[in-house]
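# Kindly return the folded structure for what I paste below:
(3 chains)
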Amino acid sequence: MRLSQEAPGIHIRHGVTQDATAGNDDAIANIGCVIGRDAVAVMDPGGSLDDGESLRRAIREITGLPIRYVVMSHVHPDHVFGAAAFLPEHPIFVGHARLPQALALRGAYYRKMLDRILGPDRAGPVVMPTQLVRDSATLDLGNRVLDLTAHPPAHTDCDLSVIDRQTGTLLTGDLLFVNRVPSLDGNLNGWLAQLAAMQSLGSRRAVPGHGPVQVDWPAAAADITRYLTVLLTETRQAIDRNVPISQAAYTVAQSERSRWQLFDAYNPRNVTVAYQQLEWE
Amino acid sequence: MRKLLLCALLCGSAMLPLASAQAQDDAAARAQRWQALRHAIFGNRPVQDGRDVLTLQAPYRAQDAALVPVAVIMNHPMAVKGLYLVIDNNPSPLAAHFTFGPDADPREIRLRVRVNDYTDVHAVVELQNGALYSVADYVKAAGGCSAPTGQSEAEALQGLGEMKLRLLNAYAPGSPLQVKLLIRHPDFNGMQMDQLTRLVTPARFIDSTEVSYNGTKVFHLETGISLSSDPAITFGFVPKAVGELQVVARDSDQTVFRHDFAVPGPSS
Amino acid sequence: MRGIFLRLLLPFLLFAASVPAAAGSEHVPEPQGYWQGPIHGPVPATITGGTVLDTAVLAQMLAGGGVVLLDVAEATHRPSGLPGGTLWLPPPHRDIPGSVWIPDVGRGVISPDFAAWFRARLAALTGSDRDRRIVVYCHPNCWMSWNAARRVINDGYRAVFWYPGGVEGWEHAGHPTAVANPEQPATH
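Have a look, this model is predicted:
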């Protein structure tokens, strides 16, 4: 695994823009770590047991400091199914206060599906967070503080973002997608609101959940904001024009098609989720 | 946030279907399954090829197996008594059974259903003279019944029984009016397990919906656990004058939800 | 209530599973007797008195013939709360072709009648040959097959194999499956 140092002490592994396959170990999200004077925080442990194990070894090649925290940005398996690889380090697993419920409801199902894709038993067990963040929290790595924010429903209902005070870097989890089409599994209006709120935090650089490992902030928010706004506007229009949900899935947001990778795999689902949320308005 | 789309949304992973696809594609197995279901539902009554009579629209490859939109369209106006929707490979295959009243306009019916595995879907129309006609379509989706809910039981029950009606065309007395009825209900199918408590959320689902207009029956609909949560039913009727569309829905816990909608008034 | 369960189950969930090459984890000890806990979860990497198989070895073994294949996967149960008249017809269970499917015999506790019936069934399948090879399986991360294999070993069979990969492991390797019909004692 190749970790690149995106800022002093922040090391990120780029996730391939693919869906999970047996060949990629579900290493499809940007994951990495922040290293303080005394300890390390893992920023999403990866997509599978093998992915997590690779991250752990890569961290060990850089530092011998204890891995004190494993931050789980949200419930999706490409970000958190590597957690079990870190159990021997006895870290504190940190997650949104709603993450345990999300994992309880979906974890075994995700595991079963990942086992089918990766091969039996390569997904790894579900690991629950032990430190829950309700609004905000700080993690101290020794002369290096991380500020965590628990967001109301946006990309999912359990999104956490992190700011490294030392460098001002914003690690967004999947609140930010770049190049890869965003996937909606939370609340569309909420996601737009959280993106707007995150732009006034003063960070100049961000690490998105998918896309290049480092982007300018808030400039990088422009594309995803545009996509989500088009999704919102055109889905509302489709509802008002009585376009049935099955057709809307293929007509809404087509102007965005050439601007995002994996668009055809995810946009129809995004429309379906948005439609169900908006048809009650 | 009302609902989470689970079947394959992993932000990063379009999951493969949960079931083994190989067997479900076998034409002989599918035919055998339909024969068993036909007999279970219709006994010895003949069911004829309905390709000239009605059309079934379903997505070939569904985006979300827990929400598969299905449309049944009559090819010509006919005296229709009832409509059955069967999802062959679901464990509870009879997804919906409509019986229509005199003011119904059954030309276009839309529903959202759960699909548990790659399957044939059959729509069977029953004419007033008792004749049965069926058409089928093949849907590739899986996991719609076993996929976990995205919310806790308590969250899912919020707003239980709220309804909304949208008029899909303009009202004119004596002219057919298409409407979409939305009902808030999680339709727990009794197969979803909370992995932490290891408790299965008990089945609780809308099992009957009676719609009338100014006191005259439009349709009676029986549904089961193959209907998606938050049912959205598109149907037609012919209002002779302004009035009220009355909806009475009941769930398997015997809870009754009533709502009257002024037609053509503002839907709410 | 949910919080209590979370605290109770955390130690179980935090079992340090090593990166497994095959199904099963070296960190899950074999229980004394039969496993009485939740059916789904990490399983051991061994079964005393028996041999663990991976898919490749199982395929070779079956190609040679003379093996009793015992599937102990759970059957789908009708959800409680489904009205009596509702048509309930779960699609057929599929497993390794040539298997005998006996759901429930992998539960932690089974009735003496069921156990006696099972022993008689094994005798019939093996011709009472205690050296006849018997392969027991269900699904990955499922204790039913481990328990059932132990029952078979305790019944004195000397060539018992446990295939933790299960139906999914078999399918994943590209092997065909077949529709199965469950067996159970008449009074079960």
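# for stretch A:273-280, what is the average pLDDT?
Mean pLDDT, stretch A:273-280: 94.
# ugh, wrong one, stretch A:162-177
97.
# What is the end-to-end distance of it?
In stretch A:162-177, first residue to last residue: 15 Å (Cα to Cα, to the nearest Å).
# now do stretch A:27-47
Stretch A:27-47 end-to-end distance (Cα to Cα) = 5 Å.
# quick one: that stretch near chain C?
No - judged by Cβ under 8 Å from any Cβ of the partner chain, stretch A:27-47 makes no contact with chain C; its nearest approach is 12.4 Å. Every C-beta, even on glycine, is put in place using the N, C-alpha and C of the backbone.
# Identify each buried residue in that stretch, please.
For stretch A:27-47, the neighbour count (16 or more other Cβ atoms under 10 Å in any protein chain shown) marks A:27-36, A:39-47 as buried.
# Check stretch A:152-165 too.
So for stretch A:152-165, counting by 16+ other Cβ under 10 Å, buried means A:152-164.
# just those now: which is nearest chain B?
The shortest approach to chain B among the buried residues of stretch A:152-165 belongs to A:P153, at 4.0 Å (Cβ to the nearest Cβ).
# got the contact list for residue 122?
I'll assume chain A. A:D25, A:S48, A:L49, A:D50, A:L114, A:D115 (Cβ atoms under 8 Å, 6 or more residues apart in numbering or on different chains).
# my bad, chain C
Neighbours of C:L122 in contact, by Cβ under 8 Å, 6+ apart: C:V68, C:I134, C:V152, C:D155, C:Y157.
# Could you do B:G130 as well?
B:R45, B:K81.
# Okay, it and B:F42: tell me how far apart.
Plainly put, B:G130 is 11 Å away from B:F42 if you go by Cβ to Cβ, to the nearest Å.
# now do A:M1
Taking Cβ to Cβ, one finds A:M1 at 59 Å from B:F42.
# When those two are compared, which one has more neighbours?
Taking neighbours as other Cβ atoms under 10 Å in any protein chain shown, A:M1 and B:F42 compare with A:M1 leading, 18 against 15.
# Tell me if I am right that C:R150 is in a helix.
Yes - counting by DSSP: H, G, I helix; E, B strand; the rest coil, C:R150 falls inside a helix.
# isn't it right next to C:V43, touching?
No - using Cβ atoms under 8 Å, C:R150 is not in contact with C:V43, being 11.9 Å away.
# residues from chain B in reach of chain C?
Going by Cβ under 8 Å from any Cβ, the residues of chain B near chain C are B:20, B:22-23, B:29, B:33, B:36-37, B:40-41, B:89-94, B:116-117, B:152, B:189-191, B:196-198, B:200, B:202-204, B:207, B:224-225, B:252.
# Give me the longest helix you can find in chain B.
helix B:27-42 (DSSP state H).
# Could you confirm C:A56 falls within a strand?
No - counting by three-state DSSP, C:A56 falls outside a strand, being helix.
# any idea how far it lies from chain A?
13 Å (Cβ to the nearest Cβ, to the nearest Å).
# what's the nearest residue to that residue if we skip its chain neighbours?
Closest residue to C:A56 apart from its sequence neighbours, by Cβ to Cβ, 6 or more residues apart in numbering or on different chains: C:A173 at 7.7 Å.
# Contacts only, for the one you found.
Residues counted as contacts of C:A173 (Cβ under 8 Å, 6+ apart) are C:T55, C:A56, C:A59.
# how about those in JSON lines, adding neighbour count, distance to B:F98 and pLDDT?
Converted to JSON lines, the contacts of C:A173 look like this (neighbours: other Cβ atoms under 10 Å in any protein chain shown; distance: Cβ to Cβ, whole Å; pLDDT from 0 to 100):
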{"residue": "C:T55", "neighbour count": "21", "distance to B:F98": "48", "pLDDT": "94"}
{"residue": "C:A56", "neighbour count": "10", "distance to B:F98": "53", "pLDDT": "94"}
{"residue": "C:A59", "neighbour count": "15", "distance to B:F98": "50", "pLDDT": "95"}
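# which one of the residues you listed sits closest to chain B?
Nearest to chain B out of the contacts of C:A173 is C:T55 (Cβ to the nearest Cβ; 15.1 Å).
# A:P8 contacts A:T169, doesn't it?
No - using Cβ under 8 Å, A:P8 is not in contact with A:T169, being 9.6 Å away.
# neighbour-wise, which of the two wins?
Higher neighbour count among A:P8 and A:T169: A:T169, with 25 against 12, using other Cβ under 10 Å.
# What about B:A262, how many residues nearby?
Neighbours of B:A262 (other Cβ under 10 Å): 13.
# For the helix or strand hosting it, which outside residues touch it?
In the assignment (DSSP states H and E), B:A262 maps to strand B:256-263. With Cβ under 8 Å, 6+ apart as the test, strand B:256-263 has contacts from B:160-161, B:163, B:165, B:167, B:171, B:177, B:183, B:185, B:213, B:239, B:242-251, B:267-268.
# before we move on, the earlier item: Throw the contacts of C:L122 into CSV and include secondary structure, thanks.
As requested, those are exported to CSV (three-state DSSP):
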residue, secondary structure
C:V68, strand
C:I134, strand
C:V152, helix
C:D155, coil
C:Y157, coil
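# So which of those wins on neighbours?
Result: C:V152 is most packed of those (other Cβ under 10 Å), 27 neighbours.
# any idea how far that one is from C:L125?
Taken as Cβ to Cβ, the span from C:V152 to C:L125 is 10 Å.
# where do the contact lists of the two overlap?
The contact sets of C:V152 and C:L125 overlap at C:L70, C:I134 (Cβ under 8 Å, 6+ apart).
# Against which helices or strands is the longest helix of chain B packed?
Under the contact definition 3 or more Cβ pairs under 8 Å, 6 or more residues apart in numbering or on different chains; DSSP states H and E, helix B:27-42 sits against strand B:80-87, strand B:119-127.
# Would you mind writing the CA trace of that helix as PDB?
The C-alpha trace of helix B:27-42 is given here as PDB (Å, rounded to 0.1, in the frame of the first residue of the first chain):
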ATOM      1  CA  ALA B  27     -36.600 -21.300 -17.500                       C
ATOM      2  CA  ALA B  28     -37.900 -24.700 -16.500                       C
ATOM      3  CA  ALA B  29     -37.600 -23.800 -12.800                       C
ATOM      4  CA  ARG B  30     -39.400 -20.500 -13.400                       C
ATOM      5  CA  ALA B  31     -42.200 -22.200 -15.200                       C
ATOM      6  CA  GLN B  32     -42.600 -24.800 -12.500                       C
ATOM      7  CA  ARG B  33     -42.700 -22.100  -9.800                       C
ATOM      8  CA  TRP B  34     -45.400 -20.200 -11.600                       C
ATOM      9  CA  GLN B  35     -47.500 -23.400 -12.000                       C
ATOM     10  CA  ALA B  36     -47.400 -23.900  -8.300                       C
ATOM     11  CA  LEU B  37     -48.300 -20.300  -7.600                       C
ATOM     12  CA  ARG B  38     -51.100 -20.300 -10.200                       C
ATOM     13  CA  HIS B  39     -52.700 -23.300  -8.600                       C
ATOM     14  CA  ALA B  40     -52.300 -21.900  -5.100                       C
ATOM     15  CA  ILE B  41     -53.900 -18.600  -6.000                       C
ATOM     16  CA  PHE B  42     -56.400 -19.500  -8.800                       C
END
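# just how off-centre is that helix within its chain?
20 Å (Cα atoms, centre = their mean, to the nearest Å).
# confidence score at C:P90?
On the pLDDT scale, C:P90 gets 84.
# residue ranges for the helices of the stretch 101-250 of chain A, please.
With DSSP state H, counting those that start in this stretch, the ranges of helices along the stretch 101-250 of chain A come out as A:188-198, A:221-240, A:245-251.
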